[in-house]
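In: Show me the folded form of this:
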Amino acid sequence: MKTCLIAFTLFLTAACAVAQNPSAIYQQKSGYIDANGVMIYYAEFGKGEPLVVVHGGPGADHTYFLPWLLPLARTHRLIFIDERGSGQSERLQDVSKYTIENMADDVEAVRVALGLGKIDLLGHSCGGVLAEAYALKYQQNLRHLILNSTFASTSEMNAVLAREKAAMPPEKLARLNELEAAGLYGKGAKWEHGRYPDEYETLAWGDGYFPFLYGARPSANYDPAQGNAPTNWELYREMWGSDGEFIIDGNLKSVEWVDRLHTIHVPTLIVVGDHDECDPSLSKEMHEKIAGSQIAIMPNSGHMNFIDQPEMWQKSVEGFLSEK
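Out: Residues are numbered from 1 along each chain as shown. Below is the predicted model:
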């Protein structure tokens with residue numbers, strides 16, 4: 001009985017401590033916003049000015065940012081979005097509606113629906129392309145823009161992808177080329193027809209991409225056959241294309257914005273790994289085109305630089321966002 005009383009007392013003490021320190025509590029809210037006729041899933045938590053975060057893929061979801069971006073919740077109200085067709089957001093029968101321009105309009109609809117006012121916007125990888133699209137159309141609603149490991153020209157990105165492909169071990173590259181030449185879809189069992197064969201996924205996202213994804217802290221949980229698969233293959237094929245990982249020939253090929261970047265006048269931070277899948281040369285070009293922008297090149301880091309160098313990444317992002 002005495003032991004139970006002590007345990008109960010300790011529980012009450014801990015509960016009271018939390019109650020007396022509400023600043024230590026970060027409650028999460030999630031829901032759906034009807035954005036341009038599409039139900040968009042969002043999750044939010046944190047305290048401070050709103051920071052909207054958009055994911056890559058195309059066709060991934062917001063969960064790969066977690067737990068890495070959690071420290072930002074101490075200084076910002078974080079709003080994560082699953083883009084149309086991705087994660088927990090609505091999937092569309094008409095795949096032609098999966099465009100980066102429509103997704104930018106969805107971000108604006110989320111901003112309006114949540115009453116966010118001016119926002120900070122962070123986009124990673126293909127989400128960085130989305131953030132650019134938003135800035136080119138709605139920059140009057142931005143306080144800060146963060147472009148993380150991304151590109152502004154699909155033709156330039158395709159040149160980078162071609163170099164990365166050529167760097168694969170010769171025997172692996174030969175097999176990957178064989179699989180691409182034979183066509184990547186409609187193979188294997190019926191339930192496999194709409195996605196890459198497992199062998200191709202392993203070659204492309206293992207021997208092909210892995211050297212450009214990580215540096216200081218490669219994930220022991222990384223699985224090239226599963227870990228990078230989009231949540232919606234129909235969206236992926238519409239936007240990226242159907243001819244393999246190392247060429248973008250879907251509707252993202254319309255992204256040729258280098259000559260428009262000079263029209264972005266909001267404070268901009270460009271973050272990239274020193275051996276990023278989106279080569280640092282692309283980030284340096286964006287830095288040159290966006291007047292007054294800052295660039296942070298993370299050492300010993302790849303595409304997942306917020307995982308490779310979490311403290312340095314956090315310091316760069318938080319320092320930039322604290323600027324008026």
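
In: Going by C-alpha atoms from here, please, whenever you check contacts or count neighbours.
Out: Noted.

In: Residues in contact with stretch 77-95: which ones?
Out: 32, 38-55, 59-62, 72, 98, 103, 106, 230-232, 234-235, 238 (Cα atoms under 8 Å, 6 or more residues apart in numbering).

In: need the strands for the stretch 201-324 of the chain, in chain order.
Out: Applying DSSP state E, counting those that start in this stretch to the stretch 201-324 of the chain gives strands spanning 268-273, 294-298.

In: Just name the most buried of those.
Out: Among the strands of the stretch 201-324 of the chain, the stretch with the highest mean neighbour count (mean count of other Cα atoms under 10 Å) is strand 268-273, at a mean of 26.

In: Sheet partners, orientation included, of it?
Out: Using DSSP bridges, the strands paired with strand 268-273 are strand 142-148 (parallel), strand 294-298 (parallel).

In: how far does the longest strand along the chain sit from the chain's center?
Out: Longest strand in the chain, counting residues (DSSP state E): strand 38-46. The chain centroid and the centroid of strand 38-46 are separated by 15 Å under Cα atoms, centre = their mean, to the nearest Å.

In: With stretch 117-135 instead?
Out: A distance of 10 Å separates the centroid of the chain from that of stretch 117-135, by Cα atoms, centre = their mean.

In: what does it rub up against?
Out: 49-58, 100-101, 103-105, 107-108, 111, 140-152, 264, 278, 303, 321.

In: that older thread, let's have the strands paired with strand 268-273 in a markdown table, adding mean pLDDT and distance to residue 77.
Out: Shown next, in a markdown table, are the strands paired with strand 268-273 (pLDDT from 0 to 100; distance: least, Cα to Cα, whole Å):
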| stretch | mean pLDDT | distance to residue 77 |
| --- | --- | --- |
| strand 142-148 | 98 | 14 |
| strand 294-298 | 98 | 23 |
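
In: Select, out of those strands, the one closest to residue 243.
Out: Proximity to residue 243 (Cα to Cα) singles out strand 142-148 among the strands paired with strand 268-273, at 25.6 Å.

In: Which helix or strand lies directly C-terminal to that closest one?
Out: Using DSSP states H and E, the helix or strand that follows strand 142-148 towards the C-terminus is helix 154-166.

In: any idea of the mean pLDDT in that following helix?
Out: Mean per-residue pLDDT for helix 154-166: 98.

In: buried ones in that helix?
Out: Buried positions in helix 154-166, judged by neighbour count with 16 or more other Cα atoms under 10 Å: 154, 155, 156, 157, 158, 160, 161, 164, 165.

In: Next: stretch 176-193.
Out: Neighbour-count burial for stretch 176-193 [16+ other Cα under 10 Å]: 176, 179, 184, 185.
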